[in-house]
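Asker: Predicted model follows, preceded by the sequence.
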Amino acid sequence: MKKLILLFLFPFLGFSQTFKAVKDTSALKQKIENMSKATNSIESDFTQEKNLSMLSEKVISKGHFVFKKENLLRWEYSSPSKYLIVINKDKVIIKDEKKTTKYDMNSNKVFKEINDIMLSCVQGTIFRSNKFKTLYFENEKFYKLELIPQAKNMKDTFKKINLYFDKNVTSVAKMEMIENNDDLTSLDFTNKKLNAAVSETIFTVK
Amino acid sequence: MLRYPKPYLLLNSFLFCLFFSSCKICDYKNRTISSHEKLSSQHLFPVINDEGKVSKYKASIDVLNKHFSGLVIVKKTDSITTHVVFITELGMKMFDLEKKDSLFNMVYVFEPLNKPDLIKVLKSNFKNMLLMDVYGKTINEGITKKKEKVYELYNQKEKRYFVVKDSNQLMQQAVFFKRKKSSRIDYGYDSATKTYSKINSLQYGLIKIRIELNAVNDSN
């Protein structure tokens, strides 16, 4: 029975193992840059878990995302609600169960920021941003980038954002957003396909 | 001066009369059966689970020409405290409304929503929709024009009417302020889960707000 439990927990053990500071941060940065250059498309399922600390409650959402270089992203929730965000260059389209709304990124600063963060998180290149101070950690299984917000509007909401990469640095394995009140949102990426052919038609919404 | 054809004016007057005649306070209370009872769950089946079980709703909120969607989570955390939390699909918390004893307080509001008028409207709508302030208050029982059972609760200038069926299942709540209808809330009760599966609220007046809640079962 114990073996069975360990077998079940094994894939998650890496994230909770103690992390220590990375000694050669420039080598890690270079690996991430190489990963970003080599990645033209990413397709993946995701499980989002929102922990509401005050209520001791978890809200689990599931979905699928597709990214294609340079600025194309389809981020789609299938449960518990159907919700779709499409970023197509300078346009953002949000479709929920009631309404479809289109925004022009050039005329909306908030969406420009959301776009920058989502795309750079998916590609792992968010460490380049001067809006965050980045700390680099590692354990046997993962690299972890702790991003501490520096801009006021981000500081008001987030304490930090954690990005996890597998040790081969092929893609982002997990992301965590920790709010100032210690509520935590984590995103686990599974069934990843890198550099598969992706049609651009999926980045349009009618 | 702009002149409208006579049939158009007649039609307008008819629609105007129809609208106001359908919102009258007397539609809700035609005859009183009993007075001065204390409202309990025997009268109105509660929306909030008293044993601390969480309720989750898909939520859609339209206010001030803005549209928000996400999940509303309602939980009684101890005998005197209840939280109503709204999070977007992306996991961003938009607000956390706390009721402690009889006091309502926004313990967290996402900065773009942090406007006094908006907070007031959100507080009063969720308080009404989720029946957070009605139990133990004095009510009159009556019959509507359509022969449905109705409970009347009044407090200074505000009157609230609760139309029920099958003894205590709430179908509609109407709120009147100085005899003008200020909001209408419709409820859909699911006898399989013994919960309200739909709660839709529409507030009229200067700040119009529409809130739609659809219960999420764990299997959804």
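Answerer: Here it is on my side, so go on. Numbers count the residues shown, from 1 in each chain, chains lettered A, B, ... in the order given.
Asker: who in chain B is up against chain A?
Answerer: Chain B has residues B:54, B:56, B:58, B:60, B:67, B:69-71, B:73, B:75, B:77, B:83, B:85, B:87, B:89-93, B:96, B:108, B:110-112, B:212, B:216, B:220 near chain A, with proximity defined as Cβ under 8 Å from any Cβ of the partner chain. Where C-beta positions appear, they are placed from N, C-alpha and C, glycine not excepted.
Asker: Select only the buried ones of these in PyMOL?
Answerer: One line in PyMOL is enough to select the buried ones among these; burial here means 16 or more other Cβ atoms under 10 Å in any protein chain shown:
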select buried, chain B and resi 54+56+58+60+69+70+71+73+75+77+83+85+87+89+90+91+92+93+96+108+110+212+216
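Asker: Looking at the residues of chain B next to chain A, which are in strands?
Answerer: If you go by DSSP state E, the residues of chain B next to chain A have B:56, B:58, B:60, B:67, B:69-71, B:73, B:75, B:77, B:83, B:85, B:87, B:93, B:96, B:108, B:212 in strands.
Asker: measure residue A:72 to chain B for me?
Answerer: To chain B, residue A:72 is 19 Å away according to Cβ to the nearest Cβ, to the nearest Å.
Asker: Number of residues surrounding that residue?
Answerer: 19 (other Cβ atoms under 10 Å in any protein chain shown).
Asker: From the chain's centroid, how far away is stretch B:55-72?
Answerer: Offset of stretch B:55-72 from its chain centre (Cα atoms, centre = their mean, to the nearest Å): 14 Å.
Asker: So what touches that stretch?
Answerer: By Cβ atoms under 8 Å, 6 or more residues apart in numbering or on different chains, the surrounding residues in contact with stretch B:55-72 are A:59, A:80-81, A:83, A:96-99, A:101, B:47-49, B:73-75, B:84-89, B:94, B:118, B:121-122, B:195, B:199, B:207-216.
Asker: Tell me the spacing between the residue minimising distance to the centre of chain B and chain A.
Answerer: Note on chain B: the residue nearest the mean C-alpha position is residue B:129, at 3.0 Å, using Cα atoms, centre = their mean. As judged by Cβ to the nearest Cβ, residue B:129 and chain A stand 18 Å apart.
Asker: In contact with that residue, which residues?
Answerer: Residue B:129 makes contacts with B:47, B:173, B:185, B:199, B:201, B:211, B:213, as judged by Cβ under 8 Å, 6+ apart.
Asker: just wondering, since we're on the third one, how far is it from residue B:179?
Answerer: Yep, that's residue B:185 we're talking about. Between residue B:185 and residue B:179 the computed distance is 18 Å (Cβ to Cβ, to the nearest Å).
Asker: Quick one: residues contacting residue 127.
Answerer: Just so you know, I chose chain A. A:29, A:32, A:134, A:145, A:147.
Asker: hm, I was asking about chain B
Answerer: With Cβ under 8 Å, 6+ apart, residue B:127 has these contacts: B:99, B:104, B:133.
Asker: Which residue or residues pair with the residue found closest to residue B:126 once you drop the neighbours it is linked to in the chain through a beta bridge?
Answerer: What sits nearest to residue B:126 in space, not counting adjacent residues and going by Cβ to Cβ, 6 or more residues apart in numbering or on different chains, is residue B:84, at 5.2 Å. Note on residue B:84: beta-bridge partners by DSSP bridges are residue B:74, residue B:97.
Asker: Looking at residue B:185 and residue B:179, which is more packed in?
Answerer: With neighbours defined as other Cβ under 10 Å, residue B:185 and residue B:179 compare such that residue B:185 has more, 23 against 9.
Asker: just checking, what packs against the one helix or strand the more buried one maps to?
Answerer: Of the helices and strands defined by DSSP states H and E, residue B:185 is found in strand B:180-190. Packing partners of strand B:180-190 (3 or more Cβ pairs under 8 Å, 6 or more residues apart in numbering or on different chains; DSSP states H and E): helix B:116-129, strand B:169-177, strand B:195-203.
Asker: and residue B:183, how far is that from chain A?
Answerer: Where chain A is concerned, residue B:183 sits at a distance of 20 Å (Cβ to the nearest Cβ).
Asker: quick one: the helices in chain A?
Answerer: Taking DSSP state H as the test, the helices found in chain A are A:2-16, A:25-38, A:109-123, A:152-155.
Asker: chain center to the second one, what's the gap?
Answerer: When C-alpha coordinates are averaged (Cα atoms, centre = their mean), helix A:25-38 and its chain have centres 17 Å apart.
Asker: What mean pLDDT does that helix get?
Answerer: The average pLDDT for helix A:25-38 rounds to 91.
Asker: CA atoms only: put it into PDB for me.
Answerer: Output in PDB follows, covering the C-alpha atoms of helix A:25-38 (Å, rounded to 0.1, in the frame of the first residue of the first chain):
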ATOM      1  CA  THR A  25      22.600  31.800 -13.200                       C
ATOM      2  CA  SER A  26      24.000  32.900 -16.600                       C
ATOM      3  CA  ALA A  27      24.200  29.300 -17.800                       C
ATOM      4  CA  LEU A  28      20.600  28.800 -16.700                       C
ATOM      5  CA  LYS A  29      19.400  32.000 -18.400                       C
ATOM      6  CA  GLN A  30      21.200  30.900 -21.600                       C
ATOM      7  CA  LYS A  31      19.400  27.500 -21.400                       C
ATOM      8  CA  ILE A  32      16.100  29.200 -21.100                       C
ATOM      9  CA  GLU A  33      16.900  31.600 -24.000                       C
ATOM     10  CA  ASN A  34      17.900  28.500 -26.100                       C
ATOM     11  CA  MET A  35      14.600  26.800 -25.200                       C
ATOM     12  CA  SER A  36      12.600  29.900 -26.200                       C
ATOM     13  CA  LYS A  37      14.500  30.200 -29.500                       C
ATOM     14  CA  ALA A  38      14.000  26.500 -30.300                       C
END
